[in-house]
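A.B. asks: Just to be clear, the model below is a prediction. Sequence and coordinates:
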Amino acid sequence: MKDALEAIRSAAVEALAAARDEAAVEALRVRYLGRQGELTTVVRQMRDVAPADRPAMGALLNATKDEIEARIAEALAAARAAVRRARAGERLDVTAPGRRPVLGRIHPLLQVMDEISDVFLGLGFSIAEGPEIEDDYHNFEALNFPDDHPARDMQDTLFVTDGHVLRTHTSPVQIRVMETRKPPLRVIVPGVVYRHDSDTTHSPMFHQIEGFMVDARVTFGDLQGVLTHALQAIFGAGLPVRLRPSFFPFTEPSAEVDVGCFNCARDGAPCRVCKGTGWVEILGAGMIDPNVFRAVGYDPETVSGFAFGMGIERIVMLKFQIDDIRLFFANDLRFLRQF
Ligand code: 2NL
């Protein structure tokens, strides 16, 4: 039996040293240690060993089994290391074509916001930001909204708690700037705003840029000059700019500002952008109402100013002929990669 064990041990060690892969090692494990394996068969023969010899034979048997198990572990480790080395070799193929990194890009809404901001920065305006959750005072009261104005209705405004709303425009930031700083001021406020409205042209969250200028003698002519320059810089150097009378609670007088259609030259007679009118409405503006100045502690007798506001989604939809506002927020890369 001692000779039989030695024969099994040396055969197993030799075979395991020659095994090249995991499958070969596993086959040898079954051959020597499996339920029908060679070593297992020897264990069964222990019955025939004289009781006095059994402890010594048992020890020899265990030592043989331990050694074969150790060699199996070594052979397995060697086989796996060989697979890893082979794969590393493949990865170091210096002739393989390079992998193109996935580059991010600026969202089309923010591209246009940046472009518009740059024009006003060039005119000496600076940028201000403020909270998206506002109190009723800054969002409505200080802006001369009467208590029964429809914008204060649940239908239009998203309420957070009793006295607080998600800001419905960025104008409350302009109020906060005027509350804390003295004229002369030239400030724009780009930001996100919220209204209870949702269809193909309205999103409950959308973007605006508002701006204002306040100084000792700012006139309606300044409003017209600054906005004409800005719209020509944004939409095209030669385009005409026109003002039509309008109304906002926070400005008097107020105007809608149109730019000559930038698409007619491309589409011809029935232009899809201006519907044949030749004009595209871009923003609202006006001279800041004396009640707004009083609310922020300015004297309407000694300062004057203009203010304006525009919705970004509408402008980007016109510019790129996008017909559904939800495309901006669906995070579909097939859409976003086009800009
Ligand atoms: C529009 C019109 C406008 C303003 C926004 C403003 C802010 C203050 C004082 C006075 Cl603090 N005015 N903002 C003024 C006129 C028009 O927006 O159609 N926006 C999309």
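C.D. replies: Nice, thanks for sending it over.
A.B. asks: buried stuff in the helix ranked longest in the chain?
C.D. replies: Of all segments of type helix in the chain, defined using DSSP state H, the longest is helix 54-91. The neighbour-count check on helix 54-91 (16 or more other Cβ atoms under 10 Å) flags Met57, Leu60, Leu61, Thr64, Lys65, Ile68, Arg71, Ile72, Ala75, Leu76, Ala79 as buried. In short, each C-beta sits where N, CA and C put it, glycine included.
A.B. asks: Quick check: nearest residue in space to the first one, chain neighbours excluded?
C.D. replies: Read it as Met57. Val49 (5.2 Å; Cβ to Cβ, 6 or more residues apart in numbering).
A.B. asks: re the thing from before, give me the next element, helix or strand, following the longest helix of the chain.
C.D. replies: helix 108-122 (DSSP states H and E).
A.B. asks: and that next one, what other elements does it pack with?
C.D. replies: Under the contact criterion of 3 or more Cβ pairs under 8 Å, 6 or more residues apart in numbering; DSSP states H and E, helix 108-122 touches strand 185-194, strand 205-215, helix 220-235, helix 312-320.
A.B. asks: Mind doing that once more with 10 Å?
C.D. replies: If you count contacts as 3 or more Cβ pairs under 10 Å, 6 or more residues apart in numbering; DSSP states H and E, helix 108-122 packs onto strand 126-127, strand 185-194, strand 205-215, helix 220-235, helix 312-320.
A.B. asks: Parallel or antiparallel, list what pairs with the third one.
C.D. replies: Looking at strand 205-215 with DSSP bridges, its paired strands and their directions are strand 185-194 (antiparallel), strand 304-311 (antiparallel).
A.B. asks: right, and these - which one's nearest the ligand?
C.D. replies: In terms of Cβ to the nearest ligand atom, the element of the strands paired with strand 205-215 nearest to the ligand is strand 304-311, at 2.4 Å.
A.B. asks: Can you check what angle separates the closest one from helix 312-320?
C.D. replies: 60 degrees (axes from the mean of the first three to the mean of the last three Cα atoms, to 10 degrees).
A.B. asks: quick one: average confidence on strand 304-311?
C.D. replies: For strand 304-311, the mean pLDDT works out to 98.
A.B. asks: can you tell me which residues contact the closest residue to Phe206 other than its chain neighbours?
C.D. replies: Among residues not flanking Phe206 along the chain, Glu313 sits closest, at 5.0 Å (Cβ to Cβ, 6+ apart). The contact partners of Glu313, taken as Cβ atoms under 10 Å, 6 or more residues apart in numbering, are 108-109, 112, 201-203, 205-208, 322, 325, 328-329.
A.B. asks: Pull out whichever of those are also neighbours of the ligand.
C.D. replies: With the criterion set as Cβ under 6 Å from any ligand atom, no member of the contacts of Glu313 is near the ligand.
A.B. asks: Can you lay out these as JSON lines showing distance to Arg272 and neighbour count?
C.D. replies: Compiled in JSON lines, the contacts of Glu313 are given as follows (distance: Cβ to Cβ, whole Å; neighbours: other Cβ atoms under 10 Å):
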{"residue": "Pro108", "distance to Arg272": "19", "neighbour count": "21"}
{"residue": "Leu109", "distance to Arg272": "21", "neighbour count": "18"}
{"residue": "Val112", "distance to Arg272": "19", "neighbour count": "21"}
{"residue": "Thr201", "distance to Arg272": "15", "neighbour count": "14"}
{"residue": "His202", "distance to Arg272": "20", "neighbour count": "15"}
{"residue": "Ser203", "distance to Arg272": "21", "neighbour count": "17"}
{"residue": "Met205", "distance to Arg272": "27", "neighbour count": "15"}
{"residue": "Phe206", "distance to Arg272": "22", "neighbour count": "19"}
{"residue": "His207", "distance to Arg272": "23", "neighbour count": "23"}
{"residue": "Gln208", "distance to Arg272": "25", "neighbour count": "21"}
{"residue": "Ile322", "distance to Arg272": "12", "neighbour count": "18"}
{"residue": "Ile325", "distance to Arg272": "17", "neighbour count": "18"}
{"residue": "Phe328", "distance to Arg272": "19", "neighbour count": "21"}
{"residue": "Phe329", "distance to Arg272": "23", "neighbour count": "14"}
